[in-house]
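Asks: just the structure for this:
(chains A, B and C)
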Amino acid sequence: MLSNNDGCIVSRTDEAKAIGVGMAAPFYQNKDIIEQHDIAVFSSNYHLYGDMSWRVMETLRMLMPPGAVEVYSVDEAFLDMSHIPAAQLQQKALEIKNTVEMWTGIKVSIGVAPTKVLSKVANRLAKKHKEATNCVLLLDTPNKLKKALEQTPIGDVWGVGSRYAYKLLNHHGISNAWQLQQMPEAWAKQHLGGVVGLRLIKELNGEPCIEMKDPLEKKKMIATTRMFGIPVFDLQPLKEAVATYTARAAEKLRRQYSAASYIDVFVVTNERKEQAYTYNPQSNHRYVSLPNPTSITGELIKYAVPLVEQLYRKGPKYLKAGVMLGGIVPDSSLQGNLFVPPQSNKQRLLMSAIDNINFSMRDDVLKYATSGTTRNWKMRQEMRSKRYTTRWDELYEIG
DNA sequence: TCTGGGGTCCTAGGACCC
DNA sequence: TCTGGGGTCCTAGGACCC
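Replies: Numbering: from 1, shown residues only, chains lettered A, B, ... in the order given. Below is the predicted model of the structure:
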């Protein structure tokens, strides 16, 4: 499966992994091997994945007490199982796994352990040894834990990225999670980013330090950024793109009942340096503080477009643009705000109406003229599967 | 010649995650 | 010719305050 714009490979079946299709590798570099083995390729399809993800998460929420499910990403969740007696954990995990598969068709694997970091270790092994574990693995004895940690390469530990993995291996001779777990806390604090490293060591030792997150927490930053489907050289399409992204970001803002206090616009160019044709992205950004926090699309566009005008120079090829909203505060216009002109309060109602229409009909049925009408810079999704579960006209058909 | 201590807030940048 | 998008947390350092 590919990232946006059909750029990178971001997920692979076990079979594709075995053949040697690289992770996060550029798609075009793997075209030969993909054609050779007739591997199926799919563009990103957020409607389908988002909907299936929601079905899986709903299933989990139905099987657990309120507040015990933390959705961590589109395909991952943490479950607080502290209310379940130790002797029943295995059975409960199996029940969850089977129910999810029965109700959604999605196969999941489950790792059970005292901390989040350890449950990720367990989950990875459950998935890796499907036959032996039946996709469920408990780390409930010191022995099992030691074995599991020994089998976990350092770079596969949650919280150890490529930088730390390199450093740990080459400067400290640490190659697996067990060796890391043995290191003193003071050492971790010094070499692995301060309190972050300290937490990691504690979690590896079974002491929970990473809390379950409240699902009602609001985002502190909201961004919409895209690569262009085709190279862009002119100001006009750049302005259209930034207006479009601003509208999307504003939608996300309103969905969590927030307003933004500043807006940051950036563009990425491929400056050709001395060696022609090399990929050499350069990012430039500019931001402005808003006189009043707002969630009104038109207001935000009014501030965003001048920023892109300031950033634009004729010449370079533009690969990408983006909008970031920050200084997120509760949206006071929701209750009707005495301190802004009545016009703004009406605007907020208009926004709600537009959001409802765009949500129930189809994305972007209603949009701002600044966003452009042809929009041929939009991203490529040439191999997108159908949106089976969210579009009537793309329903699965049985012959 | 000498130049405090303690605190807050903000931004930039680096690391990480999926 | 072609390399994603959207986040989080932490630290350092500067500006400013009394």
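
Asks: what about the strands in the stretch 201-350 of chain A?
Replies: Assigned by DSSP state E, counting those that start in this stretch, the strands in the stretch 201-350 of chain A fall at A:222-232, A:258-270, A:281-294, A:318-326, A:329-330.

Asks: contacts for stretch A:246-256, please.
Replies: Here stretch A:246-256 makes contact (C-beta atoms under 8 Å, 6 or more residues apart in numbering) with A:218-219, A:222-224, A:259-260, A:263, A:295-297, A:300-301, A:304, A:323-325, A:328, A:331, A:351-352, A:355, A:358, A:367-368, A:371. Glycine gets a C-beta too; all of them are placed from N, C-alpha and C.

Asks: follow-up on the earlier one: can you check which of the strands of the stretch 201-350 of chain A gets nearest to DNA strand C?
Replies: Distance to DNA strand C, taken as C-beta to the nearest atom of the strand, is lowest for strand A:222-232 among the strands of the stretch 201-350 of chain A, at 3.5 Å.

Asks: check the spatially most central residue of chain A and give its pLDDT.
Replies: Closest residue to the average C-alpha location of chain A: A:Ser73 at 6.3 Å, with C-alpha atoms, centre = their mean. For A:Ser73, the model assigns a pLDDT of 91.

Asks: skipping adjacent residues, who's closest to the residue in chain A positioned nearest to DNA strand B in space?
Replies: Closest residue of chain A to DNA strand B, C-beta to the nearest atom of the strand: A:Gly161 (2.4 Å). Nearest-residue entry for A:Gly161: A:Gly155, 7.9 Å, with adjacent residues in sequence omitted and distances by C-beta to C-beta, 6 or more residues apart in numbering.

Asks: these two touch, right, the one you found and A:Ala165?
Replies: Yes: counting by C-beta atoms under 8 Å, A:Gly155 does reach A:Ala165; the two are 3.7 Å apart.

Asks: ok, A:Leu139 - contacts?
Replies: Counted by C-beta under 8 Å, 6+ apart, A:Leu139 has contacts A:111-114, A:118-119, A:121-122, A:145, A:148.

Asks: got those residues as a markdown table, with secondary structure and pLDDT columns?
Replies: Shown next, in a markdown table, are the contacts of A:Leu139 (DSSP: H, G, I helix; E, B strand; the rest coil; pLDDT from 0 to 100):
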| residue | secondary structure | pLDDT |
| --- | --- | --- |
| A:Gly111 | strand | 97 |
| A:Val112 | strand | 97 |
| A:Ala113 | coil | 97 |
| A:Pro114 | coil | 96 |
| A:Leu118 | helix | 97 |
| A:Ser119 | helix | 97 |
| A:Val121 | helix | 97 |
| A:Ala122 | helix | 97 |
| A:Leu145 | helix | 97 |
| A:Ala148 | helix | 97 |
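
Asks: got these as a markdown table, with neighbour count and distance to A:Ser43 columns?
Replies: Output for those, formatted as a markdown table (neighbours: other C-beta atoms under 10 Å; distance: C-beta to C-beta, whole Å):
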| residue | neighbour count | distance to A:Ser43 |
| --- | --- | --- |
| A:Gly111 | 22 | 30 |
| A:Val112 | 22 | 35 |
| A:Ala113 | 22 | 36 |
| A:Pro114 | 16 | 40 |
| A:Leu118 | 26 | 36 |
| A:Ser119 | 23 | 32 |
| A:Val121 | 26 | 32 |
| A:Ala122 | 26 | 33 |
| A:Leu145 | 22 | 41 |
| A:Ala148 | 21 | 36 |
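
Asks: among those residues, which are in reach of DNA strand B?
Replies: Among the contacts of A:Leu139, not one lies near DNA strand B by C-beta under 7 Å from any atom of the strand.

Asks: would a markdown table of the strands of the stretch 201-350 of chain A with distance to DNA strand C be doable?
Replies: Shown next, in a markdown table, are the strands of the stretch 201-350 of chain A (distance: least, C-beta to the nearest atom of the strand, whole Å):
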| stretch | distance to DNA strand C |
| --- | --- |
| strand A:222-232 | 3 |
| strand A:258-270 | 6 |
| strand A:281-294 | 8 |
| strand A:318-326 | 5 |
| strand A:329-330 | 14 |
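
Asks: out of these, the one nearest A:Lys97 is which?
Replies: Closest approach to A:Lys97 among these (C-beta to C-beta): strand A:222-232, 34.0 Å.

Asks: which elements pack onto that closest one?
Replies: Counting contacts by 3 or more C-beta pairs under 8 Å, 6 or more residues apart in numbering; DSSP states H and E, strand A:222-232 packs against helix A:235-255, strand A:258-270, strand A:318-326.

Asks: from A:Ala126, how far out is the closest residue to A:Trp158 other than its chain neighbours?
Replies: Excluding its sequence neighbours, the residue lying closest to A:Trp158 (C-beta to C-beta, 6+ apart) is A:Lys120, at 4.3 Å. A:Lys120 sits 11 Å away from A:Ala126, going by C-beta to C-beta, to the nearest Å.
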